[in-house]
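>>> here is the input, now give the coordinates:
(chains A, B, C and D)
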2 protein chains.
Amino acid sequence: MTSEQPPRAEPVAANQPAQQGRRLVTMRDVAEAAGVSVATVSLVINDKRGARIGPETRQRVRKAIRDLGYRPNAMAKTLVSGSSKFIGLVADAIASTPFAGQIVHGAQDEAWKHGYVLLVANTEGDENVETDAISMMLEHKVRGILYSTWYHRPADVPKPLHETDFVLVNCSSPDGDAQAVVPDEVQGGRTATEILLQHGHHRIAFINTTTPSPARTGRLQGYREALEAGGQTFDAALVIDAQPDQEGGYAAAERVLAIGATAVFCHNDRVAMGLYDGLKERGRSIPGDIAVMGFDNQEVIAGVRMLLGLDETPDDGVVRIACPSVERASIARSPAHGHRTGAR
Amino acid sequence: MTSEQPPRAEPVAANQPAQQGRRLVTMRDVAEAAGVSVATVSLVINDKRGARIGPETRQRVRKAIRDLGYRPNAMAKTLVSGSSKFIGLVADAIASTPFAGQIVHGAQDEAWKHGYVLLVANTEGDENVETDAISMMLEHKVRGILYSTWYHRPADVPKPLHETDFVLVNCSSPDGDAQAVVPDEVQGGRTATEILLQHGHHRIAFINTTTPSPARTGRLQGYREALEAGGQTFDAALVIDAQPDQEGGYAAAERVLAIGATAVFCHNDRVAMGLYDGLKERGRSIPGDIAVMGFDNQEVIAGVRMLLGLDETPDDGVVRIACPSVERASIARSPAHGHRTGAR
DNA sequence: TTGAAAGCGCTAACAA
DNA sequence: TTGTTAGCGCTTTCAA
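Down below sits the predicted model:
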């Protein structure tokens, strides 16, 4: 309106049908349409406090934005500010795990809440993919990276992670540097066992995983602690080692019956399902109670918060998240009565 | 080396421990270190053919890149080129579906193959979230958006989608504009039924979904076609309507036994599992065969390819993807023999 | 074979 | 109250 500037390219009509050749509507277009400078438009858009813009100027700018269908360019913003609104999530097993959807969703939700977007990369354990994924994230100037493993274990920190902020999720660095969020296995094992004790059980079997891991030792310890606190003696015969999956649970059924357990603490959901199948096959509905160590996306949510510095971090940099224990009497019931919904 | 330029900020040592205050290593830093111009660095990095760079210059540049730990800035690239390497995936149900992990992974894989990164947003059906998600993607100048629904159904195309390229996945526009990838329900129903026919079954039940949808009508039609092509008469009594989940399958068990079916075509995996439970509960192992309409991430992969224009698109813009049929004799077996692994 | 410089869309001093 | 301008890191003519 006021200043005449050389026209750039062909001016574009407002509601032009989106197609290949659509030209970006920029702040400058808005500024011209509203007869103000780009700086003014910027101020209006970002609602900068301290910026005194006349009410009708503001109106004109807003109108121009609507009319032109203007969208801010996040890339340009990032370029200026130096850091994007991305958080990277590198996982070694998204595809292969049934609950991954929920985990990713949990992380996404928390990130979103704070104005961040998740950039997810699934490596399936492939180191090259991992390296590429991390590079990609670094090139996009992510705010930080969550490095997460499928089961709780020690993990080597890929070197390039050090080029940005990062938090380990579900794993920890052997060297004990690095911030990490891990499940509290001991507490989890204790709680699960306590639940069964409260039901009055005296022979509680524990189907532990065969995989050497913090989970294996931690949960066993928790199981033991709970028993002893409950005045029972730990009986090694009640501890069954099994593959941490359905087959493992199925295979454990015989042992469970043989040792006369009245309740079972299962390493995880799949084990519990396998056990259920195995018991049914033998026509038994013993045991009456099954407890499972819950699985949750608390870790990854905590990871997001830790990355963004929203919570206090303990000195050793390792946050231990309480593991919910799920009582699965229901798992021994048919869907019609009260069935397992989806997961957890 | 050659040109003396005013130093910018404090120069940063190479292997400086990554921390809060890390300054970006830019192309300019590399150029200075190598004693060339940024243009040259750019040419070397992108391996521009037609650019004749002396071999030792090239070496020097590469060395400087390594020494400084330079990472290209994807944002700056995007800004110049106008379009990012992002593909958006808007889904109405990631968290709630057990296979979402695989789906996302499939899409991610295909996108990755072509140099793109997936930006995933899960709306859980919330319109505000959806709007925000699409805005976010548009602001990041995504190459295009995949708009996907959990089950095959007609869907209104959110208006802002038109600001970029987009492909509907697992749904189609009532108006028939818009490119879309949907499963071929009729073929799927036919194939599943044919498998059971080939096993010599004469009373094949079909547990259909109660939800009105292309799946419901299409699969029924396929079921019917296969029967008739196989010389059998369609018997409406063999078609059981049930909720498309575990409870539905469980509830259908009685009917299945009552009508004397020797095989069952189930709407999906969860139905099959429920049915299995229901039959076991009644001590029956009939039917001998269960077929399930497969579930796959083919649609979303095809969506990625369509978006990138890698495949020919039919005139009506709707690609119909063959649905695999999974024979699930195995579902009626215990894990030890041959069990369902994880999912699908 | 290489360098200088313009410009991608935006923010943030600094002026006016 | 608003405008001018200098970059953010990169690509890409056009010159040299």
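>>> report the contact partners of the residue nearest the centre of chain A.
Per Cα atoms, centre = their mean, the C-alpha nearest to the average position across chain A is that of A:Val300, at 3.4 Å. For A:Val300, the contact set (Cβ atoms under 8 Å, 6 or more residues apart in numbering or on different chains) comprises A:89, A:103, A:106-107, A:110, A:146, A:148, A:169-170, A:181. Where you see a C-beta, it was placed from the backbone N, CA and C, and this is true even at glycine.
>>> and the least confident of these?
Lowest in pLDDT among the contacts of A:Val300 is A:Ile103, which has 79.
>>> hmm, back to that, which one of the contacts of A:Val300 has the most neighbours?
A:Val169 (32 neighbours; other Cβ atoms under 10 Å in any protein chain shown).
>>> from the chain's centre, how far out does the host helix or strand of that one sit?
Using DSSP states H and E, A:Val169 sits in strand A:166-172. Its chain's C-alpha centre and that of strand A:166-172 lie 11 Å apart, by Cα atoms, centre = their mean, to the nearest Å.
>>> tilt between the following helix or strand past it and strand A:166-172?
Scanning forward in sequence from strand A:166-172 by DSSP H and E, the next helix or strand is strand A:179-183. In terms of direction (axes from the mean of the first three to the mean of the last three Cα atoms, to 10 degrees), strand A:179-183 departs from strand A:166-172 by 40 degrees.
>>> contacts for the next helix or strand after strand A:179-183, please.
Counting by DSSP H and E, the element after strand A:179-183 in chain order, helix or strand, is helix A:185-198. Contact with helix A:185-198 is made by A:152, A:204, A:206, A:214-215, A:217-223, A:225-227, A:230, A:232, A:263, A:265, A:289, A:291-294, A:320, A:322-325, A:327, as judged by Cβ under 8 Å, 6+ apart.
>>> one step back: can you pull the buried residues of the strand holding A:Val169?
Judged by neighbour count (16 or more other Cβ atoms under 10 Å in any protein chain shown), strand A:166-172 contains these buried residues: A:166-172.
>>> partners of that strand, with directions?
If you go by DSSP bridges, strand A:166-172 pairs up with strand A:144-154 (parallel), strand A:179-183 (parallel).
>>> okay, those in CSV with distance to B:Leu275 next?
Shown next, in CSV, are the strands paired with strand A:166-172 (distance: least, Cβ to Cβ, whole Å):
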stretch, distance to B:Leu275
strand A:144-154, 31
strand A:179-183, 35
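>>> out of those, flag the one nearest A:Glu247.
Closest to A:Glu247 of those, according to Cβ to Cβ: strand A:144-154, at 16.6 Å.
>>> if you count neighbours, what's buried in that closest one?
Here strand A:144-154 shows A:144-153 as buried, counting by 16+ other Cβ under 10 Å.
>>> quick revisit: in TSV: the buried residues of strand A:166-172, plus distance to A:Gly35.
Compiled in TSV, the buried residues of strand A:166-172 are given as follows (distance: Cβ to Cβ, whole Å):
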residue	distance to A:Gly35
A:Phe166	47
A:Val167	48
A:Leu168	53
A:Val169	51
A:Asn170	56
A:Cys171	57
A:Ser172	59
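>>> which single one of those is nearest to DNA strand D?
A:Phe166 (20.8 Å; Cβ to the nearest atom of the strand).
>>> shouldn't the closest one be in contact with A:Gln179?
Yes: using Cβ atoms under 8 Å, A:Phe166 is in contact with A:Gln179, at 7.4 Å.
>>> extract the CA atoms of stretch A:254-266 and return them as CSV.
What follows is stretch A:254-266, C-alpha atoms only, in CSV (Å, rounded to 0.1, in the frame of the first residue of the first chain):
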residue,chain,number,x,y,z
GLU,A,254,4.6,-78.3,34.1
ARG,A,255,7.1,-77.1,36.7
VAL,A,256,4.5,-74.8,38.2
LEU,A,257,2.2,-77.6,38.7
ALA,A,258,4.9,-80.0,40.0
ILE,A,259,6.0,-77.6,42.7
GLY,A,260,2.5,-77.0,43.8
ALA,A,261,2.5,-73.3,43.5
THR,A,262,-0.7,-71.5,44.3
ALA,A,263,0.3,-68.3,42.6
VAL,A,264,2.9,-67.2,40.1
PHE,A,265,4.8,-64.0,39.6
CYS,A,266,5.6,-63.9,35.9
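>>> wait, does that stretch contact chain B?
No: shown here: stretch A:254-266 not in contact with chain B (Cβ under 8 Å from any Cβ of the partner chain), separated by at least 10.7 Å.
>>> what does that stretch contact?
By Cβ under 8 Å, 6+ apart, stretch A:254-266 touches A:189, A:192-193, A:196, A:199, A:201-207, A:223, A:237-238, A:240, A:249, A:272, A:275, A:278-279, A:282, A:284, A:286-293, A:328.
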